[in-house]
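[1] Need a 3D model of the following:
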Amino acid sequence: MRPQQRQQPARRRARIAIADLNLGRKHKPDYWLLILCATLLAVGLIVVYAISPALSAANHVSNSYYVGKQLLAIGLSLVAFVVTAKVPLKWWKHAYKPLLIVAGVATLLALILPVNPAYPAHRWVRLGSFSFQSVELLKFAIMVWLAGFLADRIKQGSIKDTQVTLKPLLYALGAIGVIIAGVQSDLGSTGVMVAIMGTMAFVAGLPMKRVLLIGGLIVIGLILAVSTTPYRRERLQSYLHPEANCQTTGYQACQALIAVGSGGMIGLGLGSSVQAYGYLPEAANDSIFAIYAEKFGFIGSVVLLAVFVAFFARLKIIAERLTDDFSRLLVVGVLSWLSVQAVINIGAMIGLLPLKGITLPFISYGGTSVVFAAAAVGLAFQASQYAGYSAPRISSPDRSAPKSYRDNTLRRAQY
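    Residues are numbered from 1 along each chain as shown. This next block holds a predicted model:
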């Protein structure tokens with residue numbers, strides 16, 4: 001068999017992949033994205049290491065317990081990053097069904113399995129010493145599904161069709177509102193998923209009137225969720241008047257502000273912290289930015305925010321330079337997910353937003369959040385290999401161009 005004949009199946013597979021995603025010419029990925037992500041993970045590990053003596057003393061475990069678990073989480077996150085960065089984007093586009101099924105089963109298990117008395121909300125799947133937060137997988141699955149769903153609607157020219165596009169989105173939002181916000185009482189994660197869906201739909205070309213209509217329905221649902229739940233009303237009151245409830249419902253908000261203010265301009269130092277010794281609840285998780293500000297002060301906080309802004313800017317640049325709808329929407333989903341979550345966490349710690357019990361990406365202690373955030377970045381890292389180049393469509397070359405040009409166009413597409 002001639003070598004040219006053996007290459008035919010590979011050429012056909014390449015043509016199918018290009019016709020499906022139209023990714024373009026492959027080149028070096030965006031290594032700045034990887035460097036900034038690694039920097040954030042390193043900062044989180046340093047802060048967890050610094051406060052691990054206080055956490056270990058409060059929970060009667062060894063001094064290396066929290067650092068060891070965070071190192072394990074980072075190791076798993078590297079595996080997740082490699083998997084999503086290497087498995088072709090075409091595969092992810094068609095993998096949304098098993099992802100949604102697994103996420104649905106995990107959510108169901110979280111609802112029916114016994115809860116930890118210290119954390120009574122049905123948000124974790126707990127099997128012995130293993131715990132898994134199902135909503136993080138759900139965020140990832142919804143992002144992948146929505147990127148493929150909207151990309152197909154763009155290709156079909158039905159992105160503005162109410163029955164084909166808007167109805168499924170409203171059904172998905174309704175399910176998220178009932179299960180995540182209602183049953184699991186996780187309004188913070190609900191807000192993140194709504195932001196992911198709204199941003200991706202807007203970028204895909206959903207008319208602004210319909211985006212505003214969805215936004216109005218969400219606001220009504222939010223008002224109902226807050227007004228009908230006593231602890232949410234208390235949180236709102238604590239947010240509006242934290243100084244009036246510092247010993248009760250506003251305790252965490254007040255202690256977070258004390259931690260941030262205690263840092264001053266340059267911070268108390270890496271080995272010095274007061275709030276981590278039992279004063280600030282969830283010091284390693286939801287409140288870790290306040291601990292960071294206490295240790296590194298205003299200057300250190302500005303530096304950390306600058307790293308986050310640079311990281312999000314790289315994602316924005318990648319999304320702008322992608323020509324394929326699926327990969328572009330996927331990166332937009334990663335950007336909206338991580339940026340909104342960071343804004344909610346940091347805003348709550350400095351008193352600009354109500355407390356929502358949501359982690360700071362890559363910084364907070366916890367395995368599930370770190371692993372799925374790294375998996376999302378892996379998808380964006382792979383997509384960055386195609387940013388800035390447009391792929392010629394082999395099915396419809398320019399018939400007015402010279403024959404030699406058309407032949408070269410087809411040849412580049414095949415290889």
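[2] longest helix anywhere in the protein?
    For the chain, the longest helix by residue count, based on DSSP state H, is helix 288-321.
[3] buried set for it?
    For helix 288-321, burial by neighbour count (16 or more other Cβ atoms under 10 Å) applies to 288-297, 300-301, 304, 307-308, 311-312, 314-315, 317-319, 321. From N, CA and C alone the C-beta is placed, and that goes for glycine too.
[4] Following element in sequence after that helix, please.
    helix 325-349 (DSSP states H and E).
[5] Could you measure from Leu379 over to Val43?
    23 Å (Cβ to Cβ, to the nearest Å).
[6] out of the two, which sits in the more crowded spot?
    More crowded of Leu379 and Val43, by other Cβ atoms under 10 Å: Leu379, with 24 against 19.
[7] quick one, the host helix or strand of that one and helix 288-321 angle?
    Assigned by DSSP H and E, Leu379 falls within helix 367-383. Put simply, helix 367-383 runs at 20 degrees to helix 288-321, going by axes from the mean of the first three to the mean of the last three Cα atoms, to 10 degrees.
[8] The helix or strand containing Val194 to helix 325-349, inter-axis angle?
    In the assignment (DSSP H and E), Val194 maps to helix 187-204. Put simply, helix 187-204 runs at 140 degrees to helix 325-349, going by the same axes, to 10 degrees.
[9] could you give the mean pLDDT of the following helix or strand past helix 187-204?
    Counting by DSSP H and E, the next helix or strand C-terminal to helix 187-204 is helix 208-227. For helix 208-227, mean pLDDT rounds to 74.
[10] got the CA coordinates for helix 208-227 in CSV?
    Only the C-alpha atoms of helix 208-227 are listed here, as CSV (Å, rounded to 0.1, in the frame of the first residue of the first chain):
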residue,chain,number,x,y,z
MET,A,208,-30.7,42.0,24.5
LYS,A,209,-34.4,42.2,25.1
ARG,A,210,-34.5,38.5,25.8
VAL,A,211,-31.4,38.7,28.0
LEU,A,212,-33.2,41.5,30.0
LEU,A,213,-36.3,39.4,30.2
ILE,A,214,-34.3,36.5,31.7
GLY,A,215,-32.6,39.0,34.0
GLY,A,216,-36.0,40.3,35.2
LEU,A,217,-37.2,36.8,35.9
ILE,A,218,-34.1,36.1,37.9
VAL,A,219,-34.4,39.2,39.9
ILE,A,220,-38.0,38.3,40.8
GLY,A,221,-36.9,34.8,41.8
LEU,A,222,-34.1,36.3,43.9
ILE,A,223,-36.5,38.6,45.7
LEU,A,224,-38.8,35.6,46.4
ALA,A,225,-35.9,33.4,47.6
VAL,A,226,-34.7,36.1,50.0
SER,A,227,-38.1,37.2,51.3
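[11] Of all the residues in it, which ones are buried?
    So helix 208-227, judged by 16+ other Cβ under 10 Å, has buried residues Arg210, Ile214, Ile218, Gly221, Leu222, Ala225.
[12] With respect to Trp92, which of the residues you listed is nearest?
    Closest approach between these and Trp92, by Cβ to Cβ: Ile214, at 25.4 Å.
[13] how close does the closest one sit to Phe308?
    Computed as Cβ to Cβ, the Ile214 to Phe308 distance reads 27 Å.
[14] returning to that earlier point: which elements pack onto the helix holding Val194?
    helix 134-156, helix 167-176, helix 208-227, helix 325-349 (3 or more Cβ pairs under 8 Å, 6 or more residues apart in numbering; DSSP states H and E).
[15] what angle separates the first one from helix 325-349?
    If you take the same axes, to 10 degrees, helix 134-156 sits at 140 degrees to helix 325-349.
[16] Mean confidence (pLDDT) on helix 134-156, please.
    pLDDT averaged over helix 134-156 gives 92.
[17] Now do the buried residues in it.
    Result for helix 134-156 [16+ other Cβ under 10 Å]: buried residues 134-154.
[18] same question, the shortest one
    Neighbour-count burial for helix 167-176, with 16+ other Cβ under 10 Å as criterion, is recorded at Leu169, Ala172, Leu173, Ile176.
[19] what about the third one, distance to Thr368?
    Noted for Leu173: a distance of 23 Å to Thr368, by Cβ to Cβ.
[20] could you dump stretch 270-283 to PDB, C-alpha only?
    The C-alpha trace of stretch 270-283 is given here as PDB (Å, rounded to 0.1, in the frame of the first residue of the first chain):
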ATOM      1  CA  LEU A 270       3.100  35.600  56.900                       C
ATOM      2  CA  GLY A 271       3.600  34.100  60.300                       C
ATOM      3  CA  SER A 272       1.400  36.500  62.100                       C
ATOM      4  CA  SER A 273      -2.400  36.300  62.200                       C
ATOM      5  CA  VAL A 274      -5.000  36.800  64.800                       C
ATOM      6  CA  GLN A 275      -8.300  36.100  63.000                       C
ATOM      7  CA  ALA A 276      -7.200  32.600  61.900                       C
ATOM      8  CA  TYR A 277      -7.200  31.500  65.600                       C
ATOM      9  CA  GLY A 278     -10.900  30.900  65.800                       C
ATOM     10  CA  TYR A 279     -12.200  34.400  65.400                       C
ATOM     11  CA  LEU A 280     -13.000  34.400  61.600                       C
ATOM     12  CA  PRO A 281     -15.200  31.500  60.500                       C
ATOM     13  CA  GLU A 282     -14.200  29.500  57.400                       C
ATOM     14  CA  ALA A 283     -10.700  31.100  57.500                       C
END
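[21] So which residues make contact with it?
    46, 50-51, 54-55, 57-58, 251-252, 255-256, 258-259, 262, 268, 287, 290-291, 294-296, 357 (Cβ atoms under 8 Å, 6 or more residues apart in numbering).
[22] shaky segments in the stretch 201-350 of the chain?
    Residues of the stretch 201-350 of the chain that meet the criterion pLDDT under 70 lie in 225, 231-232, 235, 238, 241-245, 248-249.
[23] which one of the helices and strands packed on helix 187-204 lies closest to Ala373?
    helix 325-349 (6.3 Å).
[24] distance between the closest one and the chain's centre?
    6 Å (Cα atoms, centre = their mean, to the nearest Å).
[25] now swap in stretch 357-366 and tell me
    On Cα atoms, centre = their mean, the centre of stretch 357-366 falls 11 Å from that of its chain.
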